[in-house]
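Enquirer: Would you be able to build a 3D model of this:
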Amino acid sequence: MNSFFKDSGEAIVHYGASDFTIMEGGAYVICATTKDKIPLEMLRYWNADRQEAYKDATASLAAWKKANA
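Expert: Next up, the predicted model:
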């Protein structure tokens with residue numbers, strides 16, 4: 001197992017336009033919309049401008065709607 005994917009704890013991540021960089025290892029990040037834990041290996045949705053992660057497309061859309069209201 002990669003040392004960045006620790007058994008517990010929140011990772012510190014920098015979100016780029018097409019990928020993300022793990023700045024400090026951990027097992028998950030927190031969804032900005034739902035506050036659910038997202039395992040790093042399942043992270044597919046984020047916003048680079050707001051530096052937020054989302055658990056799925058629905059959570060991403062909800063954040064977009066809130067930011068653009």
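Enquirer: Enumerate every residue touching Ser60.
Expert: With contact set as Cβ atoms under 8 Å, 6 or more residues apart in numbering, Ser60 has these partners: 33, 45-47, 54. Just so you know, the C-beta spots here come from the backbone N, C-alpha and C atoms, and that holds for glycine as well.
Enquirer: how does it look with 7 Å?
Expert: By Cβ atoms under 7 Å, 6 or more residues apart in numbering, Ser60 lies in contact with 45, 54.
Enquirer: quick one: it and Trp46, what's the gap?
Expert: To Trp46, Ser60 is 8 Å away according to Cβ to Cβ, to the nearest Å.
Enquirer: which residues do these two both contact?
Expert: Joint contacts of Ser60 and Trp46 (Cβ under 7 Å, 6+ apart) are Tyr54.
Enquirer: Quick check: bridge partners of the most centrally placed residue in the chain?
Expert: Residue closest to the average C-alpha location in the chain (Cα atoms, centre = their mean): Ala53, at 2.9 Å. For Ala53, the beta-bridge partners are Cys31, Trp46 (DSSP bridges).
Enquirer: That one contacts Lys35, doesn't it?
Expert: No: taking contacts as Cβ atoms under 7 Å, Ala53 lies outside contact range of Lys35: 10.9 Å.
Enquirer: could you pull out the strands for this protein?
Expert: Using DSSP state E, the strands of the chain run over residues 12-15, 20-24, 28-30, 37-39, 45-47, 52-54.
Enquirer: for the third one, packing partners?
Expert: In other words, strand 28-30. strand 37-39 (3 or more Cβ pairs under 7 Å, 6 or more residues apart in numbering; DSSP states H and E).
Enquirer: ditto for the last one
Expert: Counting contacts by 3+ Cβ pairs under 7 Å, 6+ apart, the secondary-structure elements packed against strand 52-54 are strand 45-47, helix 57-67.
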